[in-house]
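Colleague: Predicted model, plus sequence, below.
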Amino acid sequence: MPANPTLLWLLAGIVLCLMELFLPTAFVEFMMGIAALIVALLSLFIPQLGLQILLWMILSTGLVLLARRFLRPKHAIAREIEDSHEARVLIAIPAGETGRVLYEGNSWQARCEDEHLPLGANQRVYVVRREGNTLIVVPETLLRS
């Protein structure tokens, strides 16, 4: 008796999601598992196994890229802060917007790494990277927490 593809996709999705608990891969296995669960639902309407596999590969790739874009590992932020340089806010930086900082004796346009966090004038910050002519900064308080 041939196996039901829907059950196979469900099993694969559950196994991949659970593997993330035991072998952390920065959500790669988890996203592949979510993709398998989505394909399990779609397999009810798409009976061709080859098309299901293609959908799983496309969904897996898309979800992994999406996760990497929005979920940055804490160690990546810590590594950026280790290499960062101190600056001081000249003009307050509202949440999600730009302001100005004094960095290496020059005034630079700056934006906070956390788009939901405003930074006040004269606050000490650390430059973690540069995007064009805009410095991306984090507040000093982030280092103490």
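Modeller: The structure has been received and is ready for your questions.
Colleague: tell me which residues of stretch 103-113 are tucked away?
Modeller: 103, 108, 110-113 (16 or more other CB atoms under 10 Å). Backbone N, C-alpha and C define where each C-beta goes, glycine included.
Colleague: the bottom helix or strand of this structure by mean pLDDT?
Modeller: Using mean pLDDT, DSSP states H and E, the weakest-scoring helix or strand in the chain turns out to be helix 74-82, at a mean of 50.
Colleague: who touches the longest helix seen in the chain?
Modeller: Looking across the chain with DSSP state H, the single longest helix is helix 49-70. Applying CB atoms under 8 Å, 6 or more residues apart in numbering, the contact partners of helix 49-70 are 5, 9, 26-28, 30-32, 34-36, 38-39, 42-43, 46.
Colleague: Let me see the backbone angles for Gly96.
Modeller: Note on Gly96: backbone dihedrals following degrees, to the nearest 10 are phi 80, psi 0.
Colleague: Show the pLDDT at Ser145.
Modeller: pLDDT, Ser145: 54.
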